[in-house]
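Engineer: Based on what follows, work out the 3D shape:
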Amino acid sequence: MLRKPSSLIRVFPKAGWRPVVKRASSHALRVTFSNGPSSPLHRHQISSSRPFSSTSRAYNISITEEELEILNEERAIDNVDVCIVGGGPAGLATAIKLKQLDHDDKLRIVVLEKAGDMGAHIISGAVLEPRALRELFPDSEFYDENGEGIPLPPELVTKVTKDSMRFLFDEFSVPLPEPPQMINKDKNYIVSLNQVVQHLAGVAEEMGIEVYPGIAVSEVIYGQSDDGSSFVKGIATKDMGISKTGKPKDSFERGMEFHSKITVFAEGCHGSLSKQVISKFNLRANSEPQTYGLGIKEVWELDPAKFEKGLVAHSVGYPLNNEAYGGGFMYHFGDGLASIGLVIGLDYENPWINPYQEFQLMKHHPFYKQFLEGGKCISYGARTLNEGGIQSVPKLHFPGGVLVGATAGFMNVPKIKGTHTAMKSGMLAAESIFAAIKDLPSANELAEQEEMEEEEGEAQSFSSKSQVDIPPIDLSSYQTAFKNSWVYEELDQVRNVRPSFNSPFGLYGGLVYSGIDTLLLKGQLNYTFSHRAPGVTDANVTKPASEYQRIEYPKPDGKISFDILTSVSRTGTYHSEDEESHLRLTTPSAPFKSQGANDQETMNDHVESSYQVYQGVENRFCPAGVYEYLEDGDKMKFQINSQNCIHCKTCDIKVPTQDINWSVPEGGDGPKYYMT
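Structural biologist: Numbers count the residues shown, from 1 in each chain. Below you'll find the model as predicted:
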C-alpha cells in the first residue's frame with residue numbers, strides 16, 4: 001500500500017529539541033528527540049530555508065510571534081540511503097535497478113512523488129520503445145514464447161501496426177517519407193504512460209522500495225565540507241497548511257527532511273529543484289542552454305468505425321507556419337481510444353502565437369477531423385519537454401546527487417521519444433550509486449547500531465552518526481557510463497536535427513536537412529550545430545508584439561475544439577483556494593520569498609516590464625488559463641489564477657521577462673490525469 005510520511009508521523013517538538021525520525025529495518029517509523037552540539041545541524045552546517053520574518057514589506061502582511069514559531073518548527077529528519085525526487089519512469093527505473101542490485105536487501109530507497117496518485121502528473125504521447133524496459137526486466141512473465149515483446153501487462157500496451165507521416169496544407173495533406181528513427185510498426189508500443197507508471201510503482205513497492213505519493217519536495221538541503229565546498233545533504237518536503245497570506249492555518253504541518261548518501265533528481269522537464277542545483281553547481285558550464293517544446297494533448301473515445309488499432313500518425317505543417325517548429329500526432333490504442341496532440345517549440349519569436357489555439361485549429365484539419373467526428377474527448381493535459389538533445393545535457397553529477405531522465409534532457413527529438421532514454425539514464429545512475437555505497441554502512445544498520453548503544457547508554461544522535469565520516473559522494477562514474485552508453489550514441493547521431501530548424505530557412509530547411517541527416521549522414525559529419533547564439537534561451541528570443549500582426553483565432557465549436565476552461569476541467573486539477581501561490585513573481589521591488597501572496601506592487605512591476613512590450617504573452621502561452629490581463633480603469637491589471645495550473649512549467653520557461661518562478665504547491669495538488 002502506498003504511504004505518505006506526513007500521515008505516519010506528527011511531531012510537536014518541545015522548545016529547544018530537534019525531532020529525529022528513525023526507521024528500523026522493519027520500516028516502522030519511530031520518533032525521538034535529540035539536543036546539543038552533536039546534531040548534524042551544527043556539525044555539518046546544514047543550510048535550510050531562510051526563517052520566516054515577522055513582517056514583509058513586499059507582501060504587506062504581518063505574522064505574529066506565535067505564528068512565526070509555528071512556521072519555524074524544527075523539521076523531523078529521516079535518514080535513508082538513496083532519496084529519489086520524482087516518481088516518473090526515470091525515478092522508478094533508478095529505484096528498481098538499485099533494488100535489483102541490492103541482493104542483501106540492506107538499502108533504504110525512497111521515492112517521493114508530488115502527485116496524489118502515482119502517474120497522475122504523467123503525460124506523454126506515448127509510443128514506447130521497449131529497449132530500456134527489456135534491459136530492466138530481462139526475465140519478465142509478459143514476453144511471448146520466443147522471449148519477444150515488452151515487459152508490461154498486455155492490457156496496457158498496443159503494438160504499432162501502421163505508420164503515417166503527412167505534411168498538412170490548409171485543406172489537404174500529402175504523405176512524407178519517414179525518417180528511420182520514426183518507424184514504429186511491429187517494434188514499438190502505444191501506451192498510456194500514467195498507467196505504465198502506476199504499474200512500475202506497484203512493482204517497486206513489491207520489491208520493498210518505499211514509494212510515497214502526495215509528497216511535494218520544496219527544498220534542497222545543503223551541507224558544507226571541511227574545505228568549504230557545498231554538497232547536497234538531502235531534501236525537505238513542503239510545509240502543508242499555509243494560507244495564501246503566508247500564515248499557518250489550523251491544518252499546518254511542518255515538512256520533513258530526508259537525508260541521504262545520494263539524492264537523485266528525477267523531477268521531469270525543468271524541475272524546480274533541478275534548476276537550482278544546475279545553477280548552484282554550474283552544471284551547464286560546458287553545455288548549451290536547454291531548448292523546450294510544449295506538448296498539448298487530448299484523449300478521445302472514437303467512433304468504432306473510425307478506430308484503427310495500432311495506428312501511429314505524425315504531421316508537420318498546418319497550422320504552424322515556416323517560423324515555428326513543431327508537429328502533430330495521433331495514436332490509436334486500447335479499446336477505441338486515441339491520443340491526439342500538438343508539440344510546438346517554445347523558441348517561437350512571435351508573441352501572438354497561442355499554442356492551445358493552434359492545437360484547436362489542427363484538430364479541424366480534414367486529416368484529423370475525419371477521425372474525431374462522432375467521438376468524445378475524455379481527457380486533456382499539457383507538459384513541456386526537452387528538445388535540446390546532446391548539446392544541452394548538463395553535467396550529470398555533483399557532490400551528493402545526480403540528474404536522471406527528463407530532468408537532464410535525454411529526449412530523442414527525431415524519434416519523438418524520451419521514455420526509453422530517461423529510464424536507461426536512471427539504470428546507469430543506479431549502477432554507479434550502488435557501486436559507491438554498497439560497502440558503506442546502511443541507514444538500517446546505523447539505526448540498529450544506535451539502538452544497541454542506547455541500551456548501553458552511549459547513544460549519539462542517529463542523524464549525526466549516520467552522516468559522520470561519510471564524505472560527499474560525487475559520481476563521475478555515472479557521467480562516464482552515460483558517455484559509453486547507447487543513450488549517448490543515439491542522441492549524438494541525431495544531434496544536428498533539431499538545431500537545423502533554427503536556420504534562416506526555418507521549417508522547410510529543417511525538413512530537408514533532417515531528411516539528409518537521418519537517412520544518409522546519420523550524424524557522422526565532424527560538426528555540431530548550436531541551437532542559437534551563446535546564452536540565448538527560449539524566453540529571450542521572443543520579440544515585441546509590435547513587430548507582428550495580432551492573430552485572431554476562431555471560436556471553438558464545442559465538438560472538435562473547446563474553450564480552455566472546458567479543457568482544464570478535464571484534467572481534474574485541484575489547488576486549495578486558500579493556499580500560498582506556487583507561482584511566484586520576482587521583481588527588483590519584491591525578490592522571491594516562499595510565503596505570502598503576490599502583492600499589487602509586484603504585479604504592477606510585471607505589467608510595466610511585460611505588458612507594454614509583449615501585450616499579454618502569458619495569457620497566450622499558458623495552456624490552462626492561469627494568467628490574465630484585466631482592464632482596471634485606465635490601467636491594466638495582472639491576475640494569476642494559480643488554481644488552474646496543470647504544472648506544465650511553460651511560464652517559467654517562456655516568459656520573456658523571466659520573472660515567474662514555478663515552485664511546487666502542496667503535495668497532492670495539481671492535475672489528476674486520466675489515460676494520458
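Engineer: Now do the contacts for residue 174.
Structural biologist: 166, 167 (C-beta atoms under 8 Å, 6 or more residues apart in numbering). Every residue, glycine included, has its C-beta placed from N, CA and C.
Engineer: Is it located within a helix, as I assumed?
Structural biologist: No. Read with DSSP: H, G, I helix; E, B strand; the rest coil, residue 174 is strand and lies in no helix.
Engineer: where's it relative to residue 327, distance?
Structural biologist: 14 Å (C-beta to C-beta, to the nearest Å).
Engineer: Then residue 208?
Structural biologist: 42 Å.
Engineer: same thing with residue 99?
Structural biologist: Computed as C-beta to C-beta, the residue 99 to residue 327 distance reads 38 Å.
Engineer: Check residue 342 too.
Structural biologist: According to C-beta to C-beta, residue 342 stands 7 Å off from residue 327.
Engineer: what's the weakest-modelled helix or strand in the protein?
Structural biologist: None of the helices or strands of the chain scores lower by mean pLDDT, DSSP states H and E than helix 40-43, at a mean of 29.
Engineer: Now do the strands in the stretch 51-200 of the chain.
Structural biologist: Applying DSSP state E, counting those that start in this stretch to the stretch 51-200 of the chain gives strands spanning 55-56, 61-62, 77-85, 109-113, 127-128, 157-159, 162-168, 173-175, 189-191.
Engineer: just to revisit the earlier point, looking at residue 342 and residue 327, which one has more neighbours?
Structural biologist: More neighbours surround residue 342 than the other of residue 342 and residue 327, with 27 against 22 (other C-beta atoms under 10 Å).
Engineer: What is the burial count for residue 286?
Structural biologist: Neighbour count for residue 286, taken as other C-beta under 10 Å: 9.
Engineer: distance of it from residue 562?
Structural biologist: Residue 286 is 44 Å from residue 562, where distance means C-beta to C-beta.
Engineer: again, but for residue 156
Structural biologist: 28 Å.
Engineer: residue with max distance from the center of this protein?
Structural biologist: Within the chain, the residue lying farthest from the chain centre (C-alpha atoms, centre = their mean) is residue 456, at 46.8 Å.
Engineer: Which neighbouring elements make contact with the helix or strand encompassing residue 452?
Structural biologist: Using DSSP states H and E, residue 452 sits in helix 443-455. Contact partners of helix 443-455 among helices and strands, from 3 or more C-beta pairs under 8 Å, 6 or more residues apart in numbering; DSSP states H and E: strand 18-23, strand 77-85, helix 462-467.
Engineer: And it, what's buried?
Structural biologist: For helix 443-455, a neighbour-count test (16 or more other C-beta atoms under 10 Å) marks 443, 444, 446, 447, 450 as buried.
Engineer: before we move on, what about stretch 307-317?
Structural biologist: Applying a neighbour-count criterion of 16+ other C-beta under 10 Å, one finds 307, 309, 310, 311, 312, 313, 314, 315, 316, 317 buried in stretch 307-317.
Engineer: Also stretch 215-234?
Structural biologist: By neighbour count on 16+ other C-beta under 10 Å, the buried set for stretch 215-234 is 215-223, 230-234.
Engineer: Which members of the residues you listed are positioned in strands?
Structural biologist: 217, 218, 219, 220, 221, 222, 223, 230, 231, 232, 233, 234 (DSSP state E).
Engineer: would a markdown table of those residues with distance to residue 624 and pLDDT be doable?
Structural biologist: Shown next, in a markdown table, are those (distance: C-beta to C-beta, whole Å; pLDDT from 0 to 100):
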| residue | distance to residue 624 | pLDDT |
| --- | --- | --- |
| 217 | 22 | 98 |
| 218 | 21 | 97 |
| 219 | 25 | 97 |
| 220 | 27 | 98 |
| 221 | 31 | 97 |
| 222 | 33 | 97 |
| 223 | 38 | 95 |
| 230 | 36 | 96 |
| 231 | 37 | 97 |
| 232 | 32 | 98 |
| 233 | 35 | 96 |
| 234 | 32 | 97 |
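Engineer: Show me which of those is closest to residue 674.
Structural biologist: Using C-beta to C-beta, residue 217 is the member of those that sits closest to residue 674, with 24.5 Å.
Engineer: how close does the closest one sit to residue 167?
Structural biologist: Distance from residue 217 to residue 167, by C-beta to C-beta: 43 Å.
Engineer: what does residue 227 give?
Structural biologist: Per C-beta to C-beta, residue 227 is found 58 Å from residue 167.
Engineer: Kindly report the same for residue 100.
Structural biologist: When residue 100 is compared with residue 167 (using C-beta to C-beta), they lie 45 Å apart.
Engineer: got it, and residue 434?
Structural biologist: Plainly put, residue 434 is 48 Å away from residue 167 if you go by C-beta to C-beta.
Engineer: what about these two, which has more around it?
Structural biologist: Using other C-beta under 10 Å as the criterion, residue 434 and residue 167 rank with residue 434 on top: 19 against 15.
Engineer: Leaving out the residues flanking it, which one is nearest to that one?
Structural biologist: residue 101 (4.4 Å; C-beta to C-beta, 6 or more residues apart in numbering).
Engineer: How about the contacts made by that neighbour?
Structural biologist: 430, 431, 434, 438.
Engineer: go again using 7 Å as the cut-off
Structural biologist: The neighbours of residue 101, taking C-beta atoms under 7 Å, 6 or more residues apart in numbering as the test, are 430, 431, 434.
Engineer: Verify the stated contact: residue 128 with residue 191.
Structural biologist: Yes. Contact criterion C-beta atoms under 7 Å: residue 128 and residue 191 qualify, at 5.4 Å.
Engineer: Quick check: which ranges of the chain have low pLDDT?
Structural biologist: Residues of the chain that meet the criterion pLDDT under 70 lie in 1-61, 457-469, 503-508, 510-511, 513-515, 518-523, 587-597.
Engineer: I'd like the buried residues of stretch 307-317 laid out as JSON lines, including distance to residue 278.
Structural biologist: Output for the buried residues of stretch 307-317, formatted as JSON lines (distance: C-beta to C-beta, whole Å):
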{"residue": "307", "distance to residue 278": "43"}
{"residue": "309", "distance to residue 278": "42"}
{"residue": "310", "distance to residue 278": "39"}
{"residue": "311", "distance to residue 278": "39"}
{"residue": "312", "distance to residue 278": "34"}
{"residue": "313", "distance to residue 278": "36"}
{"residue": "314", "distance to residue 278": "31"}
{"residue": "315", "distance to residue 278": "34"}
{"residue": "316", "distance to residue 278": "31"}
{"residue": "317", "distance to residue 278": "35"}
